[in-house]
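> next one to model:
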Amino acid sequence: MRVLNGFVAVLALLTVALAPAGLASEAERGGARLVEKLKEIRPDLPVEAVLSTPLSDIFALELAGGSVLYGTSDGRYLFAGDMFEVGAQGLVNLAESRRADKRRAAMLKVPVEQMLVFTAAGERKAVINVFTDVDCGYCRKLHLEMADINAHGIEVRYLAFPRAGVGSRSYEKIVSAWCAHDRNTALTDLKLGKEIPDRVCPNPVSDQYDLGREIGVTGTPAIVLEDGRLLPGYMPADTLAAAIGL
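Numbering: from 1, shown residues only. Now for the predicted structure:
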């Protein structure tokens with residue numbers, strides 16, 4: 001996480017790389033003015049990037065966790081929310097498009113071997129990454145539909161997101177599932193409300209929890225599609241397949 005105190009030094013590199021051709025110098029000046037103004041008020045604001053927008057005097061500030069603020073280059077006006085572009089294809093959420101790109105890139109860095117995978121039945125047509133908590137009611141409901149989800153040709157790759165945090169009982173349970181000889185069966189037992197033996201071993205649970213927070217996961221189940229879209233919450237198997245485009 002980068003905070004504003006350490007951000008100005010790399011601002012020029014970010015704006016040059018991300019601004020459209022010919023606008024880099026203006027992006028540097030406008031973005032720097034906005035950041036400097038905000039530093040006076042909120043020096044702890046976790047800004048990760050400053051980006052130009054289609055509006056020449058407005059810049060986007062990406063915060064840790066995926067939130068976006070917009071501000072004028074003189075630092076007088078700041079507003080929260082997403083910016084939409086109105087085009088021939090309807091409304092395009094510009095902020096969400098960038099968040100999806102970041103999620104997709106982040107998920108590609110996670111080795112499949114560090115996930116609990118429930119393979120598709122027959123031909124694999126799609127892959128979903130699901131951040132899950134073993135004590136979450138809707139996570140359990142989604143897991144009960146695993147056979148139907150797999151029957152649609154969807155492979156489910158679970159990542160841990162114990163909502164109570166690292167060190168909680170939910171965290172200990174999913175660590176125990178990861179450390180079990182048959183991880184998938186252990187996870188299924190937990191989601192059915194059964195007890196499994198406590199186990200400890202090297203595991204990726206805390207790293208996956210941190211990753212979830214980094215890409216904007218706030219609740220479970222959180223489903224990240226291959227294109228980086230985030231589908232928050234439970235969906236029946238047929239609805240999920242339709243959302244994916246199957």
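
> could I get stretch 120-129 in CSV with only the CA atoms?
Extracted in CSV, the C-alpha atoms of stretch 120-129 (Å, rounded to 0.1, in the frame of the first residue of the first chain):
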residue,chain,number,x,y,z
ALA,A,120,-15.8,-29.1,-14.4
ALA,A,121,-17.8,-32.1,-15.4
GLY,A,122,-16.7,-32.9,-19.0
GLU,A,123,-15.4,-30.1,-21.1
ARG,A,124,-14.2,-27.1,-19.1
LYS,A,125,-16.0,-24.0,-20.5
ALA,A,126,-15.1,-21.4,-17.8
VAL,A,127,-13.2,-20.9,-14.6
ILE,A,128,-14.3,-18.9,-11.6
ASN,A,129,-12.2,-17.9,-8.6
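
> quick one: mean pLDDT over that stretch.
The average pLDDT within stretch 120-129 is 96.

> need the contact partners of it.
Under the contact criterion C-beta atoms under 8 Å, 6 or more residues apart in numbering, stretch 120-129 has outside partners 107, 110, 115, 147, 150-157, 159, 223-226, 240, 244-246. Using the backbone N, CA and C atoms, a C-beta is placed for each residue, glycine as well.

> buried ones among the residues you listed?
Taking 16 or more other C-beta atoms under 10 Å as the criterion, what is buried in those is 107, 110, 115, 150, 152-157, 159, 223-225, 240, 244.

> before we move on, back to that, what about the contacts of stretch 120-129, which are in helices?
107, 147, 150-151, 240, 244 (DSSP state H).

> quick one: which of those is nearest E195?
A147 (23.4 Å; C-beta to C-beta).

> what's the burial count for the residue nearest to that closest one when sequence neighbours are not counted?
Of all residues not flanking A147 in the chain, A121 sits nearest, at 7.8 Å (C-beta to C-beta, 6 or more residues apart in numbering). Burial measure for A121: 15 neighbouring residues, criterion other C-beta atoms under 10 Å.

> residue ranges in the protein under the pLDDT threshold?
By pLDDT under 70, the low-scoring segments of the chain are 1-28, 65.

> domain map for the chain?
When the chain is parsed with automatic domain parsing, its domains come out as 4-92, 111-244.

> from those domains, which stretch is densest packed?
Compared across the domains of the chain, domain 111-244 shows the largest average neighbour count, a mean of 18 (mean count of other C-beta atoms under 10 Å).

> state the distance spanning the first to the last residue of it.
Start-to-end span of domain 111-244 (C-alpha to C-alpha, to the nearest Å) is 22 Å.

> in the sheet, who's paired with V68?
E62 (DSSP bridges).
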